[in-house]
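Student: sequence plus the predicted model coming up.
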Amino acid sequence: MKLPPSFRALLRSLLLLALVVPFLRAEETRDFSKESARAVPAWVRDTVIYEVFPRQFSATGNFAGITARLDELKDLGVEVLWLMPIHPIGKLKAKGSIGSPYAVQDYYGINPDYGTKEDFRRLVDTAHERGLKVIIDIVANHTAWDSVLMAKPEFYKHDAAGQVISPHDWWDVAGLDFTNAGTRRYMGDMLQYWLREFKLDGFRCDVAGEVPVGFWEEVRPALEKIRPGLLMLAEASKPDLMVQAFDVDYAWPFHATLNRVLMGGAPASDLQRSWQDEERGKFPRGSLHLRISDNHDEARAISRFGWPAALAASAMMFTLDGVPLVYNGMEVGDTSESGAPALFEKLPIYWQPKQREHFRATYQHLIALRRAHPAFRTDEVVWLKNSAPDNVVTYLRRDAQEEFAVVINFSNRPQWADIVVADAAGFASVLRADPKAGDVPAGIGHVALDAFEWRIYRRAVAVPAAGK
């Protein structure tokens, strides 16, 4: 007897629940902080990522517009270009006048507004010629409602009535079912295709935590065979993803804390607490997190925080452990919105905003400092006590040769801070918020900071003489 679709869907849901619940209980008791993250290629630990929204990046809004600015990106100092989804956008139930780039119609296709596959290949090859790496956004969790995969309804999640459903309240997309072996096989083959055909350097995986970690762990070895040492970036904050599947994830909890400090009046000391409790307290040892103050999911940082505070936030992102991100015109202080509903429209970057000429130089200096000094690329962060913890953040980055003290005022008022550190007088300023403001006295025992001012100090580490 053939069972009705609604009953088959119910049985499938019950079977999935029986399989998943024991696993979830095991995950709840698993202490990932006692485990090690997967070994990450050295280039990933050292890199700076630049997120490109192709539609908004240039006036033409296509691959050619990105290719034309590759020398500027190289000069900025970034090393990885992450392109937001490059695939055709679905029209059925589309949001806005254009639709979300995260509503993919065909995983094997190219958005015709961006160009052709040959245009994309030219972009990747030209970037590689300049020593830049390229990764693309993969939206594995869901598709557009008019996706070519709708010809295979078994690839999708269904409700009790047998109807394909959206994940969460994202009504413009349909959720894929990774309990189906065909779905997993299709998605794994697709990822391999992009590596083979275009020699990409990896993927940024949208809502990676919504896709079973088993899929990512299963597909990673196959991807490594095609492109050894590739970068896998998870848009998620889930410790289990970092054990075998991904190299870098999002520091979402830290980002949320940054918003609370700069927008909600939370004490600056909450940043240290978030770092200790969320990242070091819950994640595998050696986990790398993407440091973000700006991204395509919300209002621009310069709008949320204001000009000086946005740069103070960036100073922290580029001097903490992890991998820093520059987003789509952020380096010139662009305010063009990208989060919804602007995500579904055409709003190009304005590359010469008034009175923000110093932004680009600031990002260049921060990236150059990070690149020149391995102390910024280690796992070690030493948080320093100071006398104004509600407003001022202080920490050390160091290796065997040198130490850097980072001092940031997250307040809109001038602050005095006494900093507790050995040999405080031995530090000299190497970079500050306003390099034209005059010399900074040596030493960090007692520091006077303007509103949202930040400074980075350096001292050499004394190396013991031979035999001592």
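Tutor: In hand now; what should we look at?

Student: can you pull the contacts of the nearest residue to S58 once chain neighbours are set aside?
Tutor: Spatially, and ignoring its direct neighbours in sequence, S58 is nearest to G65 (2.6 Å; CB to CB, 6 or more residues apart in numbering). Glycine gets a C-beta too; all of them are placed from N, C-alpha and C. G65 makes contacts with 54, 57-59, as judged by CB atoms under 8 Å, 6 or more residues apart in numbering.

Student: in stretch 85-97, what's buried?
Tutor: 85-90, 94-95 (16 or more other CB atoms under 10 Å).

Student: which of the contacts of G65 are buried?
Tutor: Buried members of these, scored by 16+ other CB under 10 Å, are 54, 57-58.

Student: what's the closest of those to D125?
Tutor: Distances from D125 to the buried ones among the contacts of G65, taken as CB to CB, are shortest for P54 (16.7 Å).

Student: tell me the spacing between the closest one and V48.
Tutor: The gap separating P54 from V48 is 19 Å, by CB to CB, to the nearest Å.

Student: if I look at V261, how far off is V213?
Tutor: 31 Å.

Student: scratch that, D423
Tutor: On the measure of CB to CB, D423 and V213 end up 45 Å apart.

Student: between those two, which one's more packed in?
Tutor: V213 (22 against 12; other CB atoms under 10 Å).

Student: what about the residue nearest to that one when sequence neighbours are not counted, neighbour count?
Tutor: Distances taken as CB to CB, 6+ apart place D240 nearest to V213, at 5.0 Å, with adjacent residues excluded. By the other CB under 10 Å criterion, the neighbourhood of D240 contains 20 residues.

Student: ditto for A372
Tutor: Applying other CB under 10 Å, we find 9 other residues in the vicinity of A372.

Student: need phi/psi at it.
Tutor: Backbone torsions of A372, given as degrees, to the nearest 10, read phi -80, psi -20.

Student: end-to-end on stretch 442-460?
Tutor: Across stretch 442-460, the terminal residues are separated by 14 Å (CA to CA, to the nearest Å).

Student: show the end-to-end separation of stretch 136-149, please.
Tutor: 20 Å.

Student: which parts of stretch 228-245 are buried?
Tutor: 230-245.

Student: I meant stretch 127-143, not that one.
Tutor: So for stretch 127-143, counting by 16+ other CB under 10 Å, buried means 127, 132-143.

Student: out of those, which are inside helices?
Tutor: A127 (DSSP state H).

Student: so which of the buried residues of stretch 127-143 sit within strands?
Tutor: Among the buried residues of stretch 127-143, DSSP state E puts 133-138, 142-143 in strands.

Student: strands along the stretch 1-150 of the chain, start to end?
Tutor: 49-52, 80-83, 133-138, 142-144 (DSSP state E, counting those that start in this stretch).

Student: so which strand or helix has the residue positioned nearest the centre of the chain?
Tutor: Here the mean C-alpha position of the chain is nearest to the C-alpha of L290 (CA atoms, centre = their mean), at a distance of 4.2 Å. Using DSSP states H and E, L290 sits within strand 288-291.
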